[in-house]
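> 3D, please:
(chains A, B, C, D and E)
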Amino acid sequence: MSPTSAAKPDPAHLLERLQEDLDNLSAEVWQMRPLVFEPQWVAQAAVWQAQGRPQLPDTVQPDPDAVVFAGQRLASLLEAALPNDGAGFQGLVRWVQADPVQIFDLIWRDQGGDLLARIRAAKLPEELAVLFAVLLARPFRSWIAQELHAESRLDGWKEGSCPLCGHWPSLSLIADQEEGRRYLWCLHCGTSWRHPRLRCSFCGCTDQAQLLHLHLEERPEFRLEGCRSCKRYVKEFRSTEERANLPWEALFLGTAALDLIAADHGLLRDSPLIGATTRQFPQRTQGPRPVPGDHSPHDHTTSSNPEKNR
Amino acid sequence: MNLTRRGFLGATGAGVLGIAVGVLGLTKAAGASRRKTFKTAETKESSTICPYCGVGCGLIVSTRDGKLVNIEGDPDHPINEGALCSKGMSLFQVAQNERRLQTVRYRAPGSDKWEEKSWDWALTEIAKRIKKTRDATFKAKDGVRLVNRTEGLACLGGAALDNEEAYLYSKLARSLGVTWLEHQARI
Amino acid sequence: MTDFFKRTSSGLLVLYALAAFGLLLIVYRFVMGLGAVTNLSDSYPWGLWIGVDVLAGIALASGGFVVAGTVHLFGANKYHSLTRTAITTAFLGYLIFIFGLIVDLGRPWNLWRALFNWNHTSPMFEVAWCVMLYTSVLLMEFLPPVFERFKLTALHEKWKTMVPWAIVFILGIFTFAMTDSLIWTVVVVFVLLFWELVFRAGLSPRSIQMPLLMIIAGVMFSTMHQSSLGTLFTLAPHKLHPLWYSPMLPVLFLLSAVMVAPAMVIFESIVAERSLGHRAHMNVLSSLGRAMPWLLGIYLVVKVGDLLARGAVSDALSISWQSFSWWGEVLLGVVLPFTLFLSQDLVQKRVGLLTAAALVVLGLVWNRVNVAVVGMIDLEGDVYFPYWAEIFITLGLISLGILGYRLASLHLPLHEEETAATH
Amino acid sequence: MNAMLIDSTRCVGCRACQIACKSWNELPSEKTQFFAGKGYQNPKDLSATTWTLITYNETKRRGRFDWVFGKRQCMHCLLPACATACPVTALKKTPEGPVVYDSSICLGCRYCQLACPFDVPRFEWDKVFTKITKCTMCADRVAEGMEPACCKACPTDAIVFGERSKLLAEAHARIDANPLNYVHHVFGEKEMGGTCVLHLSDVPHQELGHAGGLSEEPASAYSRPAMASIPFVLTGLGIGLGAVSWVVNRRQQLAAQQKEIERLHEIAEQAEGKEPGGTNS
Amino acid sequence: MTSHWIDMIHADVAMVMGSNVVENHPVAAKWLARAKERGSLILNVDPRYTRTSSFADHYCQFRSGTDVAFVNGMINYALEHDYIQREYVVNYTNASFIINPDIGFHDGLFSGYDEAKRKYDAATWQYEMGADGMPLRDLTLQHPRCVYQLMKRHFSRYDVDTVCSITGAPREDYLKICRNYTSTWAPDRVGTWLYAMGTTQHTNGTQNIRTYAILQLLLGNVGLAGGGVNALRGESNVQGSTDFGLLFHILPGYNPSPLAAEQGLAAYNAANTPTSKDPKSANWWGNRPKYVVSMLKAWYGDHATAANDFGYDFLPKRDGDYSHISLFEAMYEGRIQGLILLGQNPAVGGPNSLKERAALEKLEWMVAVDLWQTETSTFWRRPGTDPASVQTEVFLLPACSSVEKEGSVINSGRWAQWRYKALEPVGESASDLWILDSLFKKLRAEYAQGGALPEAITKLNWDYGTPEQPDRHQEPDVHRVAREINGYFTRDTTIDDKGTPKSFKKGDQVPGFPMLQADGSTASGNWLYCNSYTGPEPKDNKLARRDGKDAANEIGLYPNWAWSWPMNRRILYNRASVDPAGRPWNPKKWVIRWNETEKKWEGDVPDGPWPPGEKHPFIMRADGHAALWAATLKDGPLPEFYEPLESPQHNLMSSVQVNPAIKLWHKSNPELNPVGEEATYPIIGTTYRVSEHWQAGAMTRNLPWLAELVPDAFVEMSQALANQRGIVNGDRVQVVTARGAMDVYALVTNRFQPFRVDGRLVHEVGVVWHFGWEGIVKGDSANVLTSHVGDANTMIPEYKAFLCDVRKITGGVA
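Numbering: from 1, shown residues only, chains lettered A, B, ... in the order given. Have a look, this model is predicted:
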């Protein structure tokens, strides 16, 4: 056990509490009814799904004070959960409390580039700041997902990216209770959708020689599925729990060791955190997809084709 | 599912939150130093089709450095959706079974036991015998009609062969002029 | 060696042979596993050994606490002469039982686990603890003759002072183990300490040869596990035949154990008299004989009453192995000895006493075998009959017991005259 | 609390579950001969190397001949008789559902075999270092988030794994959905205090080889009265025996003193007699 | 199968006759279970009450060998009650065709029968042609010689009482089966028919399938979702091995193998290419010359030129019957010196095993390639044989298992699926591909120095990327073989594809068989598989597709999962699933639909691109219509009931006891071919399989877990028969026929019941045939009991009905 956490309670408790806090935060925001659900989104969702486009309606704006409330609660929540190693972290808390609506607006309209620029300007820890922004938008997106998916079905969706918000999956579950079917999960909106096994969720490559599964020797049930052709991977685990009550966020953060293993094997973490800031509609080309670069900052501005990136 | 019981956090070596923090680059320096070399293993998964009946169920075979680890039904296969019957379930024992033939064997006329031989020897001898039998019984003409067949050689088999293997077998047998070409479809 | 054979009587020779052969088989059992030596199977996990060595063995060793109890607690001094032999029989009986249990257990090397892994719902847990602790109490009761024989009077005195505190400690742990609650432990310890102080103050400490607390503990432990041997079978309502299965099994087991104690003492003294030459005091034994009808009567009433209460009479009247065996046990084991003990002249004569007592002992063993083996119904209809090796191992153990008793009575001052002499 | 729902109307007797169990637990095969049951049942019964078994039963259903298949395995009771009986808690019920066995603390007393109403625990009679064996509901797989091997293998979903309450609801839903097709009793819902393996069938459950006439109370209810009485009996005996022995010994002591006194008197009188004519009273 | 496994879910009524689907195709039971949940009925007709029967809703027993009578009665029931889909029958079948005036049927024989040669002359069965060369038709189906009327007269003889008397089926069960199944005549109701060896392995096996086809056509079930006539094939690639012509009478792609009379390619084409004057008949086999030439180009490459008939002469020309039974009869007479076996075990699987094992001893040498030491490879030391007396050399080569090699197999539903290599072959075993490739290399080297017709071998176009000297660690490139099977252009060509000219470069893969040419510009190993591998890269291999997206009609076609021939069509004859105007008969479960606006078909790949009504749906038939009347069969245009060769009952329908067109081996080759009479062998015998074993048993009897489940061969018999013979369940009994005897255990059960046939009780027993003297669990195969007699058209042996006796083995005789 690493020295710093020795003093603190066992990390699993920490993560479990963090998970509960996040769930409570979402519930509280939902009760505030920050968004008005328009019925025609359902029809529109079905049409877009058929075209392979994410269903998240774009012309919706949650009311600002709900955002402010979410920002405050999230700041306090992360403060308790994450260890405060000196200045880096405090700066983040102040940055959030200063203007949550501004941050939310950037992440909500997927202006990844601007958000990163502001984070770097404020010299804040990059990844955590983006994580914070994502978690800030999370309750609002998951509310829409909740309402939409009550009506529109997801099984027509064959892409590797999220059917609701179009981002790359953060976790992959093998639901052993359903004969071993695979579900991908999106950190940004909490949606999970069916995706075939033995198939890279990023580039759709089905050449099984290209796929590899790495895991800790003694814990084969937590592994990562990597793809040699597009150099990307997603963390995967098996469970017979209902998808609804799986502690996804805790599992995502808790299996960070797998990210280290991936880095060792030259698999680029197309970081859902960085990726989050740009809503790419993955053009499913059979061949390996151009690698969008890893941590190095690159142009997150919207892709050239406006129509595509609506 | 409570995480503590699962204990997987502990198993990943360093306190995970520390790692999570490290990986997320919050404190780059701390993250790097805490990096522990993890004993990792690679599991290769590939799909296959059951060799038994004609339903054609899909299976996923996982192997770890060349050794068979597990065979399970393929959940994405539309026909069996991950389920298998008793024979499909036993495929593991077809792949790993000490009763499997592992060497080339030859039985001399009149002998009461097998002798172990090399592949090269066996293939050469078989080719010789095919040639001897074919040349001995080859009938180019039947009266005035050109027939080019040999009735001294019979080829049986292959409902369990792959398509490509069946194609080469058919091509080879017909090129030898074999008319006695049969297999399980007719019995 | 040759003269050894000439000197020992033919009876003893048989005993030595049986004991040797039994030990040999036991070694074979531990080399080849249980299957090679027994006919036990998954439908009959418990067989002859449990029936005879365990259940009957412990019941027949009840002489120890019954005689000690009546003499020391209820003041029936006329039986005083019998206490030492009874305690010796009991002590040897329990040693043989433990040895038999080890042979029967599949993984005997884990026996000590029972001390640390507690399961309060399991009657077997209680039996295990009781037997371990009661054997230690019996050891304590057995020590005085040893001290006397080897003239270790200093040790004897120390024994007298230390025993009560040991007993309190033992019973304390036992209560805590059984109930897992400190309150009960405190209550029991308090009661015992109270009596110890009262005894010390009231009666002259020195004069009492036997610390009363030990006797009380003996009786308490015996009541505990003689009854819990019956509770063992209450967990198998679907397997034990209605003729024997009843919620009253613990009480029946306890009553039958108490009932057989005097008979066992009578039987053993007469037999010992014949082979070892110690005069058995006929008057003492016949007075025991006169007490027998009462015990047999009470047991019969409770047993038949329980049968009626459970409405299992029809089973008794139906034709089946079980019903034959039940009637055999009741008639031969209880009703016949009841009538024999009633006839005045028979009680006086050695032969009469011996046959009646033997019948009671036989009845008890038959009852225990019935409960453990004959009463067990198997759905698939498999029938269990002990393998010859099982029988010989049991005989081997019994003969070891007898030889042990013979050794003890020859070398230790167990009998009246001897104690008087050394006093 | 995980559980398994086994619907014998869907079972087609292909025995993929028997193979899956042997495959996952690496159990060797047994020497079997011909058949044991009315159909192709093999092996004869559960054994040290066979932890689950499909029983083949020929019976009549609604007047017509039928061939039905049951599945015998550990029922993973909520309050297991074997756990109640085991003196050293080698068998215990885990919160996840399976009743698991730890051979490192087992004595091998085989009391669990006697106590189990479903006749499930098996003993390795032919080995010296023996242990009890039974179905573990693939506790290792369940811990790793996988479903038991037999559930995974079943081609017709006759065996379903999941949360006990959900499966019970599903079972009753199936009965209500086509009442004619099912016996209106979920075996295992209440038997022996309820079990984690639930059976649905279209013929009376006994015909599938399941134990009959079981009460609804858990096994511990049978031994509880006796075990609960221990402390009371202990204290009662402690007090009673102490009192009796006190009274008796006290009386004897007094009697002894009395006799002592009288003896002294006699001596005294004899001594007087020798002097001038004692008043012999 | 005309449809595929998942399609069963759409059946309103599923008939399982001649198959034990739940035991031998257990996962298929999953789809039948879902159909059952949707409320559809499962019917099961079987001599024995099996696990399928317990799964089914209605079960009816019938005597083995009387399938034709049973289903003819159902056809009669449908015709009598007019339960036929009239519009479907009139438009899509040849019910309205007029037959030759001289057609006749008297006392069980059709006209044109030659008693001596036991052959029919089918001249009188042909259609009556009109002046324009088109067959005459009466769409009102009233003409006395139209097929419909002929059928009504023919089947009227099969009334319910006669059928129940022949088959021993209880009357009320029989009527229940008839009523339920014929209820699918309505356009929006559909029935599927699942059959397997129980139907085919009879002397009138082909006619059994004909009865199913006729009934399904009358009820309008062929081509619809949840319909069709579906053979459940027993092996993982028996469909593939048949597609690639591992049978004496066909070349890859079901082109007939040349006869001696067909000298030269032109003669071959003339004899085997059907023609049709009807413009609306697609007559797809008219394209045969393109496919044969393409195959020859694939085989002989550049050496195949128009000048040398593209190497046609190299192909052996057959003369007579080379089927399995004739093969072993010839071997028994010593006419065969060498035998090569790739994964087959005839010593257990072949009929009349004792004679076949004796025949093996006449061989000079034998090569057996298998995963296990099979009975056939150790025939020389089988029980009761002195190895010294057997002079055959035997080479036993170790083959690797399905998870140790890459390649494709095609399942019963024509889905060709790719297998990846997960493990290295165990020990020194090798893939069959490598063995064949290496053997060929050795043969080419041998024939380089001359021999009989060496060019046939040396000129073969055979290069799959392996060195000249075989090396076990260098597998042939299976993708290259797959691409050759699909076919490629041998030179730059331009083809007009429906009007638009398309040009291809040399070496391009052929996109589909319509593009294959007869002029040698294209090469294709098997035209059926053209379109399976349409690009140079492994990613163009459609067999490896794993996309679970369903087609627009969402009936479980899964067109993007793997690939199915022809041209990825999932349901054959699906043009028959729409009415002549293109509207699906069953709108709820439409297979293909004509989109009027966009002028194209939707759903499954249609049987040909033509708009509706332009072509008759049954494109493979010369006249484009389904064959209620089949003039091409050897034993009659309509199914007529005859008793099996060994039967306890004389034929109640006519004086012709046995199928008139079968070859009677016991007359031509009497040695070891006796026929049992009812006097000495009163009990009907049949053979079948169990779920836990597979075929000849090598793949399951060598596995400890499966061996444990079914350890011994056994005979199942009714309680009545057991009582009669004093046999108790578990006794060792001897089942004996005229040919052989075997000792087995007796399984006395209520699942077999005696049959009331023609007023008397007849008993039947069944024996499992998987066993042999090798493997963990041993025994003998039931095929020591069966006989060398085959079907008239296919020569498949009659395993399913023979006469035997069952005797209790008393005392020491173990």
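> close enough to count as contact, residue C:117 and residue D:91?
No: using CB atoms under 8 Å, residue C:117 makes no contact with residue D:91, being 11.3 Å away. Heads up, the C-betas are built off the backbone N, CA and C, glycines and all.
> same drill for those two, tell me which one is more crowded.
For residue C:117 versus residue D:91, neighbours defined as other CB atoms under 10 Å in any protein chain shown are more numerous around residue D:91 (27 against 19).
> enumerate every residue touching residue E:578.
E:584, E:585, E:590, E:591, E:592, E:593, E:594, E:612 (CB atoms under 8 Å, 6 or more residues apart in numbering or on different chains).
> tally of neighbours for the last one?
To tie it back to what came earlier, the one meant is residue E:612. The number of residues packed near residue E:612 is 19, by other CB under 10 Å.
> return the distance of stretch E:613-631 from the chain's centre.
Relative to the centre of its chain, stretch E:613-631 is centred 21 Å away, using CA atoms, centre = their mean, to the nearest Å.
> pull the CA atoms of that stretch into CSV?
In CSV, the C-alpha atoms belonging to stretch E:613-631 read as follows (Å, rounded to 0.1, in the frame of the first residue of the first chain):
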residue,chain,number,x,y,z
GLY,E,613,-44.1,-11.8,-61.9
GLU,E,614,-41.3,-11.7,-64.5
LYS,E,615,-39.8,-15.0,-63.5
HIS,E,616,-41.3,-18.1,-61.9
PRO,E,617,-40.0,-18.4,-58.3
PHE,E,618,-38.3,-21.9,-58.5
ILE,E,619,-35.4,-20.7,-60.6
MET,E,620,-33.4,-23.9,-60.3
ARG,E,621,-36.1,-26.0,-62.0
ALA,E,622,-36.1,-26.0,-65.8
ASP,E,623,-39.8,-25.0,-65.9
GLY,E,624,-39.5,-22.6,-63.0
HIS,E,625,-42.3,-24.4,-61.1
ALA,E,626,-42.0,-26.5,-57.9
ALA,E,627,-42.3,-30.2,-58.6
LEU,E,628,-45.4,-31.8,-57.2
TRP,E,629,-44.9,-34.2,-60.1
ALA,E,630,-41.2,-35.2,-60.3
ALA,E,631,-40.4,-37.0,-63.5
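> what's the mean pLDDT across that stretch?
Taken as a whole, stretch E:613-631 has a mean pLDDT of 93.
> and residue E:15, what are its bridge partners?
Taking DSSP bridges as the rule, residue E:15 bridges to residue E:43, residue E:193.
> mind checking the longest strand of the chain?
No chain in the question, so chain A it is. strand A:232-239 (DSSP state E).
> correction: the question concerned chain B.
strand B:145-156.
> elements contacting the next helix or strand after that strand?
Going down the chain from strand B:145-156, the next helix or strand is helix B:163-176, by DSSP states H and E. With contacts defined as 3 or more CB pairs under 8 Å, 6 or more residues apart in numbering or on different chains; DSSP states H and E, helix B:163-176 has these neighbours: strand B:145-156, strand B:178-182, helix E:238-243, helix E:288-300, strand E:407-410, helix E:432-448, helix E:455-458, helix E:478-486.
> residues in contact with the fourth one?
Right, helix E:288-300. Helix E:288-300 is contacted by residues B:171, B:174-175, E:251-253, E:255, E:265, E:268-269, E:272-273, E:304, E:309-312, E:314-315, E:459-461, E:484-485, E:487, E:490, E:513, E:516-520, E:522-527 when judged by CB under 8 Å, 6+ apart.
> quick check: what element follows whichever helix or strand residue C:131 is part of along the chain?
Using DSSP H and E, residue C:131 falls within helix C:123-149. Proceeding N to C from helix C:123-149, the next assigned helix or strand is helix C:153-179, under DSSP H and E.
> report the buried residues of that following helix.
Across helix C:153-179, burial judged by 16 or more other CB atoms under 10 Å in any protein chain shown covers C:156, C:159-160, C:163-164, C:166-168, C:170-172, C:174-179.
> cool, stretch E:120-128 as well?
By 16+ other CB under 10 Å, the buried positions in stretch E:120-128 come out as E:120, E:122, E:124, E:125, E:126, E:127, E:128.
> can you give me the buried ones in stretch A:37-44?
In terms of neighbour count (16+ other CB under 10 Å), stretch A:37-44 has its buried residues at A:41, A:42.
> doesn't residue C:22 belong to a helix?
Yes: under DSSP: H, G, I helix; E, B strand; the rest coil, residue C:22 sits within a helix.
> list the residues that contact the closest residue to it other than its chain neighbours.
Once flanking residues are discounted, residue C:22 sits nearest to residue C:396: 1.2 Å by CB to CB, 6 or more residues apart in numbering or on different chains. Going by CB under 8 Å, 6+ apart, residue C:396 touches C:18, C:19, C:20, C:21, C:22, C:23, C:25, C:26.
> need those in JSON lines (columns: neighbour count and pLDDT).
Listed next are the contacts of residue C:396 as JSON lines, based on neighbours: other CB atoms under 10 Å in any protein chain shown; pLDDT from 0 to 100:
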{"residue": "C:18", "neighbour count": "21", "pLDDT": "92"}
{"residue": "C:19", "neighbour count": "20", "pLDDT": "93"}
{"residue": "C:20", "neighbour count": "13", "pLDDT": "94"}
{"residue": "C:21", "neighbour count": "16", "pLDDT": "94"}
{"residue": "C:22", "neighbour count": "22", "pLDDT": "93"}
{"residue": "C:23", "neighbour count": "15", "pLDDT": "93"}
{"residue": "C:25", "neighbour count": "19", "pLDDT": "93"}
{"residue": "C:26", "neighbour count": "20", "pLDDT": "93"}
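> now for residue A:56: which residues touch it?
By CB under 8 Å, 6+ apart, the contact list for residue A:56 reads A:141, A:144, A:164, A:165, A:166, A:189.
> name the element the closest residue to the last one other than its chain neighbours belongs to?
To tie it back to what came earlier, the one meant is residue A:189. Nearest residue to residue A:189 in three dimensions, chain neighbours excluded: residue A:141, at 3.8 Å (CB to CB, 6+ apart). Using DSSP H and E, residue A:141 falls within helix A:126-151.
> which pair in the buried residues of stretch E:120-128 spans the largest distance?
For the buried residues of stretch E:120-128, the maximum inter-member distance is 18.3 Å, found between E:120 and E:128 (CB to CB).
> now do the SS call for residue A:49.
helix.
> ah, wrong one, I meant residue E:141
When classified by three-state DSSP, residue E:141 comes out as coil.
> list the contacts of it.
Contacts of residue E:141 (CB under 8 Å, 6+ apart): E:89, E:90, E:95, E:96, E:148, E:149.
> mind running it again at 10 Å?
Counting by CB atoms under 10 Å, 6 or more residues apart in numbering or on different chains, residue E:141 touches E:84, E:86, E:89, E:90, E:95, E:96, E:147, E:148, E:149, E:151, E:152.
> what about the last one, how many residues nearby?
Think residue E:152. Neighbours around residue E:152, by other CB under 10 Å: 15.
> apart from its neighbours in sequence, what residue is nearest it?
Setting aside the residues directly before and after it, residue E:152 is nearest to residue E:79 in space (CB to CB, 6+ apart), at 5.4 Å.
> same thing with the third one?
Take residue E:89 and drop its neighbours on the chain: the residue closest to it by CB to CB, 6+ apart is residue E:95, 5.0 Å away.
> how about the helices in chain D?
Counting by DSSP state H, chain D has helices at residues D:16-25, D:81-85, D:111-115, D:139-143, D:149-153, D:164-177, D:220-228, D:230-274.
> so which of those helices comes closest to residue A:98?
Closest to residue A:98 of the helices of chain D, according to CB to CB: helix D:139-143, at 46.4 Å.
> get me the contact residues on chain B for chain D.
B:1, B:5-8, B:55, B:57, B:70-73, B:75, B:80-93 (CB under 10 Å from any CB of the partner chain).
> and the residue nearest to residue D:50 when sequence neighbours are not counted, what does it touch?
Nearest non-adjacent residue to residue D:50, counting by CB to CB, 6+ apart: residue D:43, 5.2 Å away. Taking CB under 10 Å, 6+ apart, we find residue D:43 in contact with D:18, D:29-33, D:35-36, D:49-50, D:53, E:708-709, E:711.
> could you redo the last one with a cut-off of 8 Å?
D:30, D:32, D:36, D:50, D:53, E:708.
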